[in-house]
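Q: Structure for this input, please:
(chains A and B)
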Amino acid sequence: MATEYSKELISDLLIGRLPSEKVREIQKYTDEGRFEKVLEIEQERLGWAEKILLCLQEHLYVVEKGNRERVVRCSCGHEFGDYHINWKLNALVYERNPQDGEVYKGPKAADPNYMILREFYCPGCGTQLEVEAVPPGYPFVFNFLPYLD
Amino acid sequence: MGSIKDNLLAKEESIETHGYYNKDLRLKEQDPIKFEILYTKALQAVINAREIAVAISASPVVREIGECIFGLYTPEGDAITLSIGVLIHVHTMSRMIKWMIMNDYEEKVGLKEGDYFFNNDPYIGGAHAPDQMIVTPIFYGDELVGWAGGLSHVPETGAVEPGGLPASATSRFHEGLFMPCTRIAEHDEIKKDLEILVERSVRTPEWWLLDNRAKITGTRMIRERVKEIIGEYGEEYYKEAISEYVEDTRRATIEKTHKVLFPGRYRAVDFMGAGTRTLIHCPLEMEIKKGEKMFLNFDGLSSAGKHPHNMTRPCAEGFVNCMVVQHLFYNTRYNGGTVYGMNLNLPDGTICNPPNIFYSTAILGTGLALSFAMNDCISRAYYAMGYRELMMAPNAQTSGLYCGGIDHYGRNFGAFNMEMSCCGMGPSGVMDGLDTAYAQWNPEADMGDAEVWEQILPLIWLGRYIHPDSGGFGKYRGGNEIESLYFVENTDSLEVGSFGGKLPFFTTHGIMGGYPGSKTYRNVTEKTNLAELIQQRKDLPHREGEDPANPEMKCLVKYRSIQMGSEGMYRARPLSRYDLYYQTNGNCSGFGDPIDRDPQLVAKDMLNRLTSNETARDVYCVHVDLQTFQVDEEKTQKLREKRREERKRLGIPAREYIQKTKERILRGDIPPIPKAMYNDVLSISKKFRDEFKDFWRLTEDFKQIPTREV
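A: Below is the predicted model of the structure:
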């Protein structure tokens, strides 16, 4: 028998409101219709007129606009352009020296001669959308190109 | 009925031609209950074998940690079912059996009931010299109907350093005794001459030899039980059913891939190193296409090198299988069908598929880096499908210590401490990662009892704690690691080394805005006054303490020298009585923007000493009263608003960043170790070269990052 969870339960799950025991229970079964249910919850939460096609990652969605243009949009409304293009190319970038003492203390930080932290921010709301831990000179990682069709 | 080799070749050709392992699932469809009961009986047989082996094994790694696994295989060497344990070896034992078949063991060596074959050659099957497997053929009448196999990790191999994981190995010849597919027992009796070989080749032969007995016992139990099962179900039914179990898993693997992972192209990258001289590139491109098998493409891996972090192809495949079984296919059968349900590309000549067998694979940390990249890609695909609770941000690069010399009973010994079996675990998209609870390579994680390790190694714990701020920061944080402080006791001859992480850089990365977990590291304090402090009942060091730059082992004792930090692996070197060895053993990365974290979770972590006051303020931007641990919501809100504005001020448009960095690349202004990594990969991977040139908009004739202009 296929497992199914209520929209309310999934909604609570997404916002981290469920106790760990309940989360573990849900982890045991991959329920039916999850994709549609999550899109419905996010569509209601964000209240956008345009249809959300996909939750790309935290704060980022692929939405279909009136002209059938499909763009990556932040939860704040800022748009990053066509989803086929890595959204990071339209983000703000901050190259952090891991030893700057602001995030990691003492020996916990990486040596910048091996690795830097590349933080990607939303230009609209300043949310930190991704942190790459890569050597200097590494191309931006295009984490996810969805096959929507 | 042809030879076993003919049957294996025919099977491989059939899979290649038709794509399936077995044409249909006739028995399953005819009588699913009967079909499942037989499978459960086979599963019970391998689990029983493992439990018995754990109970009778001498090795602390098997007895304390459960670092072993047993399996049942088809006549052609495909896994039918496996016990719990070191899951990477579902495939490596399969490789061993197939290698024996392809190398004419049936004809030239001879196979009969009561034979037991030993292998620890990782280029045949396995991961490194300590991973030692024994297989025995199962005959029903005159016909070979399968194989039973058992593997355990033996913590001493007679290598150039004690413990079987020599950090200084630069070739296979530093790793100790290899016995490739050697018959060590006939008529169920162990050969004495081979025991003598082991007794005279390794530091602690009793672990090796008693583990052999445990594995022979386990595999013999499986063999006898399988014959009973065949007697009950009939030979024809059994033979058809085992083929269907593999096919059933292959189909389930593909079905689940498409049920829970959104179609798309996913990319991730992690890095590994062998000391301070190398940076190893471990990229992954995972593609999920409707109706097709999942494709895991590792094109872009660094070249194989003269260090111990190479991996054999069987081992790399084993790591991939181990990860997908835990993160993706945990509710399907686990057997050879998992392997047939995916496509892999591990390019020849790379670190995960070395050009010849002389490359050392002693430590194989690269396999974990591959697994972390898989964690990233699979997590994103889950997220897109809505299954955020099934995500697991990239896990921990485990790191431990090994030692050898004369133990506290006056005996020669070599061993390593597997406390690092409990690292921090990756968070999901709805919950923090568990602290000190997980090791990717053996999901039945258990750190062992300190008291038992103290009986085995001449090291005594001064403290074992959860290391604050070690898990990656994020909306949901990575699991924190263990920090341990030991002192040397009751020996005048001890050398201690370390393997795994302890590199100058992060070995994992956060996802969707989370940070990587902290570096792992060690502090070694020599010629201390610890004995005097104990005598005088003065304060002793137990942990790192509040200030990682000035830890307790530096501030509370007098010493002649202290070495702190992460210069990579650390070849075994002598330590004296009352010297101190401190290590952190592996944490996990974070998920999501840290300033999206629920402030109440931050306050709770502060109260439990899992998050420091500074991190709460500087990274999570949470204002907490340090007396009451109450969160001031209004002040927190202001701190977070301020941080968002700071980011908008500090961040520069990506295209501007790209132009600046491109100029650095063209000037050769890239530090030497990363530059060497880039130039290696640019020379061997067309895919990486094309992407590198395309991203940085370099000219077609660009080949290498130049030497820096003066």
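Q: Any residue of the lowest-mean-pLDDT helix or strand in chain A touching chain B?
A: When the helices and strands of chain A are scored by mean pLDDT, DSSP states H and E, helix A:20-27 comes last with a mean of 93. Yes - using CB under 8 Å from any CB of the partner chain, we find that helix A:20-27 touches chain B at A:20, A:23, A:26-27. In short, each C-beta sits where N, CA and C put it, glycine included.
Q: how much space between residue B:673 and residue B:517?
A: 21 Å (CB to CB, to the nearest Å).
Q: Of the two, which one has the most company?
A: Using other CB atoms under 10 Å in any protein chain shown as the criterion, residue B:673 and residue B:517 rank with residue B:517 on top: 41 against 19.
Q: that older thread, restrict the residues of helix A:20-27 next to chain B to the buried ones and give me that as a ChimeraX selection.
A: Listed next is the ChimeraX selection for buried residues among the residues of helix A:20-27 next to chain B, using 16 or more other CB atoms under 10 Å in any protein chain shown:
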select /A:23,26,27
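Q: circling back: contacting residues around the very next helix or strand once past the least confident helix or strand of chain A?
A: Following helix A:20-27 in sequence order, the next helix or strand is helix A:34-46 (DSSP states H and E). Outside helix A:34-46, the residues that touch it by CB atoms under 8 Å, 6 or more residues apart in numbering or on different chains are A:5, A:7, A:10-11, A:14, A:51-55, A:61, A:75, B:262, B:385-387.
Q: how many neighbours does residue B:457 have?
A: 26.
Q: contacting residues for it?
A: Residue B:457 touches B:403, B:407, B:415, B:417, counting by CB under 8 Å, 6+ apart.
Q: Of all pairs in the residues you listed, which one is the farthest apart?
A: Across these, no pair lies farther apart than B:407 and B:417, at 13.0 Å, counting by CB to CB.
Q: which parts of stretch A:47-67 are buried?
A: Buried residues in stretch A:47-67 (16+ other CB under 10 Å): A:50, A:52, A:54-64.
Q: ok, now stretch B:454-468?
A: B:456-459, B:462-468.
Q: JSON lines please, covering the residues you listed and showing distance to residue B:546, pLDDT and secondary structure.
A: Rendered in JSON lines, the data for the buried residues of stretch B:454-468 read as follows (distance: CB to CB, whole Å; pLDDT from 0 to 100; DSSP: H, G, I helix; E, B strand; the rest coil):
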{"residue": "B:456", "distance to residue B:546": "32", "pLDDT": "88", "secondary structure": "helix"}
{"residue": "B:457", "distance to residue B:546": "29", "pLDDT": "92", "secondary structure": "coil"}
{"residue": "B:458", "distance to residue B:546": "30", "pLDDT": "95", "secondary structure": "coil"}
{"residue": "B:459", "distance to residue B:546": "25", "pLDDT": "95", "secondary structure": "strand"}
{"residue": "B:462", "distance to residue B:546": "17", "pLDDT": "97", "secondary structure": "strand"}
{"residue": "B:463", "distance to residue B:546": "14", "pLDDT": "96", "secondary structure": "strand"}
{"residue": "B:464", "distance to residue B:546": "18", "pLDDT": "94", "secondary structure": "strand"}
{"residue": "B:465", "distance to residue B:546": "12", "pLDDT": "95", "secondary structure": "strand"}
{"residue": "B:466", "distance to residue B:546": "15", "pLDDT": "96", "secondary structure": "strand"}
{"residue": "B:467", "distance to residue B:546": "12", "pLDDT": "96", "secondary structure": "coil"}
{"residue": "B:468", "distance to residue B:546": "9", "pLDDT": "97", "secondary structure": "coil"}
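Q: what ranges do the strands span in chain A?
A: All strands of chain A, identified by DSSP state E, fall at A:51-57, A:60-64, A:70-74, A:79-82, A:92-96, A:116-121, A:128-134, A:144-146.
Q: Among the ones you listed, show me which one is buried the most.
A: strand A:128-134 (a mean of 25; mean count of other CB atoms under 10 Å in any protein chain shown).
Q: tell me the angle that strand makes with strand A:92-96.
A: Using axes from the mean of the first three to the mean of the last three CA atoms, to 10 degrees, the inter-axis angle of strand A:128-134 relative to strand A:92-96 is 40 degrees.
Q: distance of residue B:618 from chain A?
A: 6 Å (CB to the nearest CB, to the nearest Å).
Q: Give the closest residue to residue 48 in space, chain neighbours not counted.
A: You didn't pick a chain, so chain A it is. residue A:63 (6.5 Å; CB to CB, 6 or more residues apart in numbering or on different chains).
Q: Please refer instead to chain B.
A: residue B:221 (6.3 Å).
Q: can you tell me the average pLDDT over the host helix or strand of the one you found?
A: Assigned by DSSP H and E, residue B:221 belongs to helix B:205-233. The average pLDDT within helix B:205-233 is 96.
Q: after it, next one along is what?
A: helix B:235-260.
Q: and after that following helix, which helix or strand comes next?
A: Per DSSP H and E, the helix or strand that comes after helix B:235-260 is strand B:264-272.
Q: next one: that next one to chain centre, how far?
A: Here strand B:264-272 is found 17 Å from its chain centre; the criterion is CA atoms, centre = their mean, to the nearest Å.
Q: do stretch B:650-660 as well
A: Centre to centre, stretch against its chain (CA atoms, centre = their mean), the figure for stretch B:650-660 is 37 Å.
Q: For chain A, give me the ranges with low pLDDT.
A: For chain A, the stretches flagged by pLDDT under 70 are A:1-2.
Q: scratch that, the stretch 601-710 of chain B
A: Looking at the stretch 601-710 of chain B by pLDDT under 70, you get B:709-710.
Q: Tell me where it has helices.
A: Using DSSP state H, counting those that start in this stretch, the helices of the stretch 601-710 of chain B run over B:613-618, B:633-650, B:654-667, B:672-684, B:686-696.
Q: Quick check: which of the ones you listed is buried the most?
A: Ranked by average neighbour count under the criterion mean count of other CB under 10 Å, the helices of the stretch 601-710 of chain B are headed by helix B:672-684 at a mean of 19.
Q: hang on, the earlier thing: just flag the most distant two among the buried residues of stretch A:47-67.
A: A:58 and A:64, at 20.4 Å, using CB to CB across the buried residues of stretch A:47-67.
Q: The closest residue to residue A:145 other than its chain neighbours pairs with what?
A: Once flanking residues are discounted, residue A:145 sits nearest to residue B:265: 4.5 Å by CB to CB, 6+ apart. Beta-bridge pairing for residue B:265 (DSSP bridges): residue A:145, residue B:287.
Q: just residue B:404 next, same as before
A: residue B:414, residue B:495.
Q: and it, how far is that from residue B:458?
A: From residue B:404 to residue B:458 the distance is 10 Å (CB to CB).
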